[in-house]
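> predicted model and sequence below, questions to follow.
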Amino acid sequence: MESWNDAYSGEQSFLRTGFTKSPKDVDIAVIGIPYDLGTTGRPGSRFGPRAVREQSLAVGEFKWGVWPWDHDVRDKHTVRDLGDVTGFTAYPERLCPMVEQRATEILDAGASLLSIGGDHFVSLPLLRAHAKKHGPMALIHFDAHSDTWVDDDLNHGTMFYHAIQEGIIDTDRSIQIGLRTPNPDTHGIEILNADYCLGTPAKTVAEEIRDRVGDHPAYVTFDIDFLDPAYAPATGTPVSGGPNAAYARHVLQGLAGMNIKGADQVEVAPHYEGPGQITALAGATIAADLLYLISLAR
């Protein structure tokens with residue numbers, strides 16, 4: 001009899017792709033970054049990678065793939081979970097060099113990379129690694145917040161300002177979607193705020209992203225607080241008035257075929273979850289969509 005692992009049993013690698021240490025012979029690597037010392041509000045997203053992996057067992061339980069994609073990404077490419085980057089928990093100054101080094105190792109081995117946070121600050125070392133390989137990246141940023149606050153401090157509200165200052169983001173090709181908090185300076189990035197999204201079909205938003213980015217090497221970062229707290233309550237800085245999970249997925253699916261070199265899903269903080277783990281489930285589903293986008297770009 002063929003063995004079958006239910007969604008509540010078996011190993012907890014992302015989408016049950018299996019664990020490995022080395023990126024050798026891996027097409028797409030998945031890593032977790034359990035860090036939340038960059039959080040300015042509620043902490044707890046260090047537990048995000050574990051929660052997202054757990055819920056991914058349900059998202060990816062069918063051998064035909066993740067609905068509504070028409071194939072199983074695991075049949076198209078060798079996808080492996082490389083575990084977590086660790087060793088910096090109480091030492092934030094260690095985070096950037098450790099994450100950048102690990103991401104660089106993976107990219108230099110020829111693999112693409114999907115990362116799971118952790119708070120949003122982890123995107124900075126990930127962008128540094130991708131820019132070393134691909135040049136300044138077009139940023140496709142889903143979030144309730146701009147994360148471009150002008151400040152020398154390093155936290156999850158300033159990292160894209162620092163990325164702009166370092167020249168690793170091409171602002172002329174970058175776009176932020178879903179913003180619904182004060183944003184005094186766009187830094188030249190195009191903004192599609194939450195009210196615009198709520199009044200605009202997902203297909204149109206996806207087309208606007210495609211027009212902005214073109215075929216430039218792109219990095220997608222998805223903060224779970226892009227979603228309204230009704231659909232993602234377990235996060236550090238929830239903001240009412242956002243889209244739902246279906247809308248987010250439709251936009252992402254509209255980006256299929258773009259030159260997406262890497263992506264992350266961040267800010268799931270499962271200790272604020274109610275029954276049902278709906279935030280982690282949304283995070284796992286979004287992360288699976290990001291995996292498909294990376295796969296289709298290879």
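That came through, no problem.
> what sits against the residue lying closest to residue 140 once chain neighbours are set aside?
Spatial nearest neighbour of residue 140, chain neighbours left out: residue 220 (4.5 Å); criterion: Cβ to Cβ, 6 or more residues apart in numbering. All C-beta atoms are positioned from the backbone trio N, CA, C, and that covers glycine. Residue 220 makes contacts with 140, 141, 142, 252, 255, 260, 262, 263, 264, 290, 293, as judged by Cβ atoms under 8 Å, 6 or more residues apart in numbering.
> over to residue 262?
Neighbour list for residue 262: 107, 112, 113, 114, 115, 126, 130, 219, 220, 294 [criterion: Cβ under 8 Å, 6+ apart].
> related to what we said a few turns ago, identify, from the contacts of residue 220, the entry nearest to residue 151.
Nearest to residue 151 among the contacts of residue 220 is residue 141, at 17.8 Å by Cβ to Cβ.
> and the host helix or strand of the closest one, what's its mean pLDDT?
Take DSSP states H and E as the rule and residue 141 turns out to sit in strand 138-142. Per-region confidence: strand 138-142 scores 98 on mean pLDDT.
> same question, stretch 92-99
What stretch 92-99 shows for mean pLDDT is 94.
> that older thread, now the two most distant members of the contacts of residue 262.
When Cβ to Cβ is used, the two most widely separated members of those are 107 and 220, lying 15.6 Å apart.
> just send the contacts of residue 262 back as TSV, with pLDDT, distance to residue 275 and secondary structure too.
What follows is those, written out as TSV (pLDDT from 0 to 100; distance: Cβ to Cβ, whole Å; DSSP: H, G, I helix; E, B strand; the rest coil):
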residue	pLDDT	distance to residue 275	secondary structure
107	98	39	helix
112	98	35	strand
113	98	33	strand
114	98	28	strand
115	98	28	strand
126	98	32	helix
130	98	37	helix
219	98	34	strand
220	98	30	strand
294	98	32	helix
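> please render these as CSV that adds distance to residue 208 to the earlier fields.
Listed next are these as CSV, based on distance: Cβ to Cβ, whole Å:
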residue, distance to residue 208
107, 29
112, 25
113, 26
114, 24
115, 25
126, 25
130, 23
219, 18
220, 15
294, 21
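> picking up where we left off before, can you tell me which of the contacts of residue 220 is nearest residue 191?
If you rank those by distance to residue 191 using Cβ to Cβ, residue 141 comes first, at 9.7 Å.
> for that closest one, list each beta-bridge partner.
When assigned by DSSP bridges, residue 141 has beta-bridge partners residue 176, residue 221.
> give me the neighbour count for it.
Here the neighbour count serves as a burial measure; for residue 141 (other Cβ atoms under 10 Å) it reads 26.
> what about it, distance to residue 174?
For residue 141, the distance to residue 174 equals 7 Å [Cβ to Cβ, to the nearest Å].
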